[in-house]
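A.B. asks: task: produce atomic coordinates for the following.
(2 chains, ligands or ions: 2)
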Amino acid sequence: MLDQQTMDIVKATAPVLKDHGVAITSHFYKRMFENNPEVRHFFNHTNQKRGRQPEALANAVYAAAVHIDRLEAILPAIQPALHKHKSLNIRPEHYPIVGENLLGAIQDVLGEAATPDIIDAWAKAYGVIADVFISLEKQMYADAPWIGFKPFTVAEVIEDTPEVKRFHIKANDGVVGTAIPGQYISVQAHIAGEDILHHRQYSVVETTEDGYWIAPKAEGLVSNWLHEQTVGTEIPVSAPAGEFVLEDTDRPLTLVAGGIGITPLFNMAKTALGQGRSVTLLHAVRSTNLRPLSEELDELVNVGLHLITHVDDTYQVA
Amino acid sequence: MSATQLEALDVEGHDVYTCGPTAMMETVVQMIPQARYEFFGPSAVLAKA
Ligand SMILES: Cc1cc2nc3c(=O)[nH]c(=O)nc-3n(C[C@H](O)[C@H](O)[C@H](O)COP(=O)(O)OP(=O)(O)OC[C@H]3O[C@@H](n4cnc5c(N)ncnc54)[C@H](O)[C@@H]3O)c2cc1C
Ligand code: HEM
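C.D. replies: Numbering: from 1, shown residues only, chains lettered A, B, ... in the order given. Ligands and ions are numbered 1, 2, ... in the order given. Below you'll find the model as predicted:
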């Protein structure tokens, strides 16, 4: 528990930090990747290059700081982060790295305004917030069918559309956990010529006895690399994660998908139909030959799916 | 995805999920505030109606 004075300082200075949010966040990442290159591979560098690096991490720290006296208030909001962390195998030892670099960035950007009292209060607050993350993630790792990345092998590849391939990846040890419909796995790409590993998430289209079907659309670095992989290739994969999941209810289900966004919703639709639920799916695509999972969707129509395909060639992908 | 099409859906008492481009999901959550959404890109928070 933090003392009152620390909490007061943190709450009073949180808005100042938020005002300098972009400066602090950009400096934070630059600093962290220089000082601790060992964590670079966890992050999606395309998001950074495109200027879309989620300020999510630093923003969540500020949000937590504002609620520092009742952190339970932020628990719903941090669920996606906990799942993403689990999927990427973020461990307790990584938290001090983020903490040191975030505090360093605050200090660098605020200059003299960041008095020792302020920095000290923030260091303590970060410690408390990090402990919440670490303990919740510890429980998630304990419940996971496996921790971190383990080898899978590509067992089957199907050309789904000119842009999308479907991969059946099977665990080398034959052990998988069922992905709750809507969940994703992370793949770890060892790409020739790249100095770091790259990680990306792919929604589980279907869980099989010893593996998963995923459907990457060829877009950039990792998805194009995946499209070059053939049967027999080994790919490290982490356990299913994500809180965007089909809830266990008997209410009717309405799903609205755009293009490749069908992947998590397909798993939800198939599962819910199997449970006898009424399912409507509105799927927007640029053209019918680019509709992912076309045959599978038509099969679901045969078992009761109410499918509305909306073809719109002005549809924006980004 | 047009607003008219979404309007045509009867979602009263339904569980609603959406996944796709940000602009599309924005339209969805504006019209169907109970909709849950998933980003494939950097995550963000969408403003609901
Ligand atoms: C929960 C979740 C589930 C997902 N499920 C799926 C799924 O089922 N299927 C699927 O296909 N994807 C899915 N994704 C997206 C996936 O994780 C990847 O983001 C996607 O495959 C693109 O990664 P990439 O490495 O191929 O492309 P990247 O190299 O990361 O590039 C992404 C885009 O940015 C552009 N780009 C790259 N560099 C720059 C630059 N310097 N400036 C401007 N633009 C640039 C590329 O042309 C491309 O369009 C999911 C993501 C999440 C978070
Ligand atoms: C208390 C400290 C932390 C907070 C509050 C925090 C918060 C967040 C949030 C909110 C997200 C976005 C989740 C989403 O919606 O997808 C995120 C993603 C992420 N976090 Fe954390 N995080 C913390 C610590 C860490 C640590 C220690 C690491 C590892 C060094 C880390 C690595 C990542 C990565 C790699 C992502 C995904 C971003 C990407 O794909 O580039 N985080 N975090």
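A.B. asks: could you use CA atoms for every contact and neighbour count after this?
C.D. replies: OK.
A.B. asks: what does chain B put close to chain A?
C.D. replies: Within chain B, the positions near chain A by C-alpha under 8 Å from any C-alpha of the partner chain are B:1, B:11, B:13-22, B:24, B:28, B:36-38, B:40-44.
A.B. asks: put the buried members of those into a PyMOL selection.
C.D. replies: In PyMOL, this line selects whichever of the residues of chain B next to chain A come out buried by 16 or more other C-alpha atoms under 10 Å in any protein chain shown:
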select buried, chain B and resi 1+11+14+15+16+17+18+19+20+21+22+24+28+36+37+38+41+43
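A.B. asks: surely residue A:44 meets residue A:200?
C.D. replies: Yes. Using C-alpha atoms under 8 Å, residue A:44 makes contact with residue A:200 at a distance of 7.5 Å.
A.B. asks: direction included, what does the longest strand belonging to chain B pair up with?
C.D. replies: Secondary structure of chain B per DSSP state E: the longest strand is strand B:15-19. Sheet pairing for strand B:15-19, assigned by DSSP bridges, gives strand A:253-258 (parallel), strand B:36-38 (parallel).
A.B. asks: now those in CSV, with mean pLDDT and distance to ligand 2?
C.D. replies: Formatted as CSV, these follow (pLDDT from 0 to 100; distance: least, C-alpha to the nearest ligand atom, whole Å):
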stretch, mean pLDDT, distance to ligand 2
strand A:253-258, 97, 19
strand B:36-38, 96, 9
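A.B. asks: counting neighbours, which bits of the helix or strand encompassing residue A:63 end up buried?
C.D. replies: Here residue A:63, judged by DSSP states H and E, is contained in helix A:56-66. For helix A:56-66, the neighbour count (16+ other C-alpha under 10 Å) marks A:56, A:58-66 as buried.
A.B. asks: how about that helix and ligand 2, touching?
C.D. replies: Yes. For helix A:56-66, a contact with ligand 2 is found by C-alpha under 6 Å from any ligand atom, at A:56-57, A:60-61.
A.B. asks: give the contact list for residue A:289.
C.D. replies: A:161-162 (C-alpha atoms under 8 Å, 6 or more residues apart in numbering or on different chains).
A.B. asks: how far away is it from chain B?
C.D. replies: Distance, residue A:289 to chain B, by C-alpha to the nearest C-alpha, to the nearest Å: 18 Å.
A.B. asks: give me the secondary structure label for that residue.
C.D. replies: helix (DSSP: H, G, I helix; E, B strand; the rest coil).
A.B. asks: in chain B, which residue sits closest to ligand 2?
C.D. replies: The minimum distance from chain B to ligand 2, using C-alpha to the nearest ligand atom, falls at residue B:43 (4.8 Å).
A.B. asks: now, which of the residues of helix A:56-66 next to ligand 2 lie close to chain B?
C.D. replies: Applying C-alpha under 8 Å from any C-alpha to the residues of helix A:56-66 next to ligand 2, those adjacent to chain B are residue A:56.
A.B. asks: residue A:180 - how many residues pack around it?
C.D. replies: Other residues within reach of residue A:180 by the criterion other C-alpha atoms under 10 Å in any protein chain shown amount to 22.
A.B. asks: residues contacting it?
C.D. replies: A:240, A:245-246 are the contacts of residue A:180 under C-alpha under 8 Å, 6+ apart.
A.B. asks: switch to 7 Å and redo it
C.D. replies: A:245-246 (C-alpha atoms under 7 Å, 6 or more residues apart in numbering or on different chains).
A.B. asks: what's the answer for the one 4 residues further on, then?
C.D. replies: Each residue near residue A:184 by C-alpha under 7 Å, 6+ apart is listed here: A:201-204, A:240-242.
A.B. asks: which element is the closest residue to residue A:82 other than its chain neighbours on?
C.D. replies: Computed as C-alpha to C-alpha, 6 or more residues apart in numbering or on different chains, the closest residue to residue A:82 that is not its neighbour in sequence is residue A:137, at 6.3 Å. In the assignment (DSSP H and E), residue A:137 maps to helix A:116-143.
A.B. asks: and that helix, anywhere near ligand 2?
C.D. replies: Yes. Counting by C-alpha under 6 Å from any ligand atom, ligand 2 has neighbours in helix A:116-143: A:129-130, A:133.
A.B. asks: now do the same contact list for residue A:190.
C.D. replies: Residue A:190 touches A:197-198, counting by C-alpha under 7 Å, 6+ apart.
A.B. asks: redo that, cut-off 10 Å
C.D. replies: By C-alpha atoms under 10 Å, 6 or more residues apart in numbering or on different chains, the residues touching residue A:190 are A:196-199, A:222, A:225, A:235-236.
A.B. asks: also residue A:278?
C.D. replies: The contact partners of residue A:278, by C-alpha under 10 Å, 6+ apart, come to A:250-254, A:269, A:272, A:304-306, B:14.
A.B. asks: now render the strands paired with strand B:15-19 as a markdown table, adding distance to residue A:164.
C.D. replies: Listed next are the strands paired with strand B:15-19 as a markdown table, based on distance: least, C-alpha to C-alpha, whole Å:
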| stretch | distance to residue A:164 |
| --- | --- |
| strand A:253-258 | 14 |
| strand B:36-38 | 19 |
